[in-house]
Structures are given as structure tokens and as C-alpha cells.
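Q: Dropping a prediction and its sequence here:
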Amino acid sequence: MIDDELAVAVEAEIRQATATEVMPRWRQLAEHEVESKSGDHDLVTVADRLAEKALTASLSRLLPGSVVVGEEAVHADPDSYRALQGERPVWIVDPVDGTRQFVRGEEGFCTLVALAQRGELLASWTYQPTADAMATARLRGGALLNGEPLVAGSPEGERPWRVALSHPDFTTDAQKRALLGLRADGVDPRPCGSAGLEYLNIARGDLEGVAFSWEHAWDHAAGLLLVAEAGGAHATLDGTPFRVTGGNALPFTAGRDATVVRRILDLLGGQR
């Protein structure tokens, strides 16, 4: 389904949508162009909506018969999320991942696109426009950053493992207790930024792991495939792989290798 021609075409459409709808509004947003959805931590801008609209049109055209599950479309029509459980190929789109950072005029945001079918991730694209960094992955085809191979590797030396954690507003009381387990010797936890960029940090070996308590496919699909194809691993709280179709045991983790994932799961489970 994913050949070189399609992969290149998807990358071009992501770059075009970002250049047209996102970057001209970076550090230029008017007050009326920013709204909150479920709370002050959950923002949407005109850039999110227009970029998703552009990608929905272009990606559907590139792969006839496919459907799009986008963050903003699902917010408007929650039933559209069910497409992930169907038979048709599904583009999973987060037009601006890290909207809070985007609104603040920071550089830590990206555009995420993944292609899945019957719950299996086939390809992904993670684009940070402020750094012109394009990370791509294909199932059993490896991971690349601007055309160069990405290898997550394993933690080295005696330094604490750096782990990015869910924002507290996204966690239940039980999940907060589980995440407290990562305040342990040998672990250096910090709040997460853009989920897509945290996965990229793992794939390039700059971060040991993440522990997230929400499962929206648009936040995780692209990054989980990127980490896996860079040699990393991921698992949910009950030890099973994360499923983009939902129903996961939370929190879940991804890390540079299986050892990191097992250790994080042990620490999370010890607080239940």
C-alpha cells in the first residue's frame, strides 16, 4: 500500500499544508483565532482547523478509498473515530501537535500523520516545521530523519533515565498515583511537551521514555511506529502493545529499548 511514490507525495502534502496554514500564523495569532475545547490545557486554533481540512482533502485524494480520522473532525463528530475499527485504510492526522506551544510562539510543535488499516500502523510522518525536521517510518522499513536512519539505541552510562510524563490535566487520580512511581532513583521525570516530538526524542536517543495516560490515536500513532522502527518498544500497563483502536490499559509507555519499557511498567504498576 505504501510505496516510495506515495510516501514522497504524503510528505509533500504535509509540507504544503504546514507552509500554507500553520507557519503564516505562528506568532501571528489573533485572540479570536484561539479557542479552548475541554479546558484551558486543550486549545484549538484556526491553524489546526485549516491544516486538517487541507490534509483531509489531499490525503484522501492520494489514496482512493481511504478515510481520515483527524483530531478536530473527531471533536466535532466523535462517531468518526470508529473508522479506526473498520476495513478501510485510515489516515490519522494531528494538524498541530503541541497547540499550547504553538499558541505561546514556541518552536515545540509538529504535524503528525499516520496510515493504518485494521488497527495496524503502516507508515508515519512527523514534521517539525520550525526545524525543518521530517521523521518518517514504514512498517518493517525503518525510521528516518531528513533521510538519515534513526536508531534509538539503549541508555548508556550512569545518568538517570529521562522520562516525559502526561500533563496532570489528562490523568485520573489512579493514573496520577501510577505516575508517581516514576519519581524513583535512576529516573528523571519531567512534564511532556508535544507528544509527537517526545517520540522523536526517543527515536533519536535524546529521551529514554514516555509515560502517557491518554490514548487519542492522533497523538500517538505516528510516534509509536517511529519509535518501533528505530528499534524502540512500547507497552500498556498490562504489558500488551498499545492499540490505536483504543481500549488500552493506561498509563502506557514507550522507550528506547525493551529494558526501559519493562522498568517503567514495573514502576507504574507498583503504585496501583
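A: Thanks, I have it.
Q: Any stretches of the protein with poor pLDDT?
A: For the chain, the stretches with pLDDT under 70 are 1, 38-41, 168-170, 270-272.
Q: Does the residue sitting furthest away from the middle of it belong to a helix, a strand or coil?
A: No residue in the chain sits farther from the centre than residue 158, which is 28.6 Å out by CA atoms, centre = their mean. Secondary structure for residue 158, judged by DSSP: H, G, I helix; E, B strand; the rest coil, is coil.
Q: for residue 94, same thing?
A: From three-state DSSP, the assignment for residue 94 is strand.
Q: Return the residues in contact with it.
A: Contact analysis of residue 94 by CB atoms under 8 Å, 6 or more residues apart in numbering lists 70, 71, 111, 112, 113, 196, 218, 219, 222. Quick note: C-beta positions are derived from backbone N, CA and C, even for glycine.
Q: In strands, which of those residues fall?
A: 70, 111, 112, 113 (DSSP state E).
Q: and the closest residue to residue 26 other than its chain neighbours, how far is that from residue 208?
A: Leaving aside its chain neighbours, residue 26 sits nearest to residue 102 (6.6 Å; criterion: CB to CB, 6 or more residues apart in numbering). To residue 208, residue 102 is 26 Å away according to CB to CB, to the nearest Å.
Q: Flag every buried residue along stretch 155-171.
A: Under the neighbour-count criterion of 16 or more other CB atoms under 10 Å, stretch 155-171 has 155, 161, 162, 163, 164, 165, 166, 167, 170, 171 buried.
Q: now, which of those lie within helices?
A: Using DSSP state H, no member of the buried residues of stretch 155-171 falls in helices.
Q: can you count the residues close to residue 190?
A: Residue 190: 11 surrounding residues under other CB atoms under 10 Å.
Q: What is the distance between the strand or helix carrying it and the centre of its chain?
A: Using DSSP states H and E, the element containing residue 190 is strand 187-191. On the basis of CA atoms, centre = their mean, to the nearest Å, strand 187-191 sits 19 Å off its chain's mean C-alpha point.
Q: on that earlier part again, closest one of the buried residues of stretch 155-171 to residue 26?
A: residue 167 (21.7 Å; CB to CB).
Q: how close does the closest one get to residue 125?
A: 24 Å.
Q: okay, the buried residues of stretch 155-171 in a markdown table with distance to residue 269 next?
A: As requested, those are exported to a markdown table (distance: CB to CB, whole Å):
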| residue | distance to residue 269 |
| --- | --- |
| 155 | 20 |
| 161 | 17 |
| 162 | 21 |
| 163 | 15 |
| 164 | 19 |
| 165 | 15 |
| 166 | 16 |
| 167 | 21 |
| 170 | 19 |
| 171 | 16 |
